[in-house]
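Novice: With the sequence up front, the predicted model follows.
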Amino acid sequence: MSGNLLGAGAVVSCPHGGRAAAGQGAAGVHINGAAVATAAHSYTVMGCPHTVDGVPTPCVTVRWTAGASGVTVDGAPVLLDTSAAQCFTAASVPQGPPVVHSAQREVSVR
């Protein structure tokens, strides 16, 4: 699997335009100063305007499925901009894949 590493600085949204914010990344590996995201970390969605039949049903989380790239940080697979993911409501209803608008390529290890 190929792709760019995701970090806290990556711009990710739900399919309806809500912004997804990364939780804590791995402490020792950074991309342009932002921690690398792994499958062990969560993304929270804020500002999703999605409704179904006039009832607000916003995306609130993103669940990632890291591929078999073989690259891990602290034992968890790193997330790439090509990693499979799904946005979910508070009731765990899937609402579609997130959109990765930008990801970084430069990596540093501290």
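Specialist: Done, it's in.
Novice: any idea how far the nearest residue to residue 77 once chain neighbours are set aside lies from residue 60?
Specialist: Nearest residue to residue 77 in three dimensions, chain neighbours excluded: residue 66, at 3.4 Å (CB to CB, 6 or more residues apart in numbering). No exception for glycine: its C-beta is placed from N, CA and C like everyone else's. Per CB to CB, to the nearest Å, residue 66 is found 21 Å from residue 60.
Novice: which residues in the chain form strands?
Specialist: Counting by DSSP state E, the chain has these strands, from start to end: 11-13, 19-22, 29-31, 34-35, 43-46, 51-52, 55-56, 61-65, 72-73, 76-77, 84-88, 94-96, 99-102, 108-109.
Novice: Out of these, which one sits most buried?
Specialist: Across the strands of the chain, the average number of neighbours (mean count of other CB atoms under 10 Å) peaks for strand 29-31, which reaches a mean of 20.
Novice: distance between that one and the chain's centre?
Specialist: From the chain centre to the centre of strand 29-31 is a distance of 15 Å (CA atoms, centre = their mean, to the nearest Å).
Novice: Show me what it is packed up against.
Specialist: Applying 3 or more CB pairs under 8 Å, 6 or more residues apart in numbering; DSSP states H and E, one finds that strand 29-31 contacts strand 108-109.
Novice: leaving aside the residues next to it on the chain, what's closest to the spatially most central residue of the chain?
Specialist: Most central in the chain under CA atoms, centre = their mean is residue 43, positioned 5.4 Å from the mean C-alpha point. Among residues not flanking residue 43 along the chain, residue 62 sits closest, at 3.9 Å (CB to CB, 6+ apart).
Novice: what do you get for residue 14?
Specialist: Leaving aside its sequence neighbours, residue 14 sits nearest to residue 59 (CB to CB, 6+ apart; 3.8 Å).
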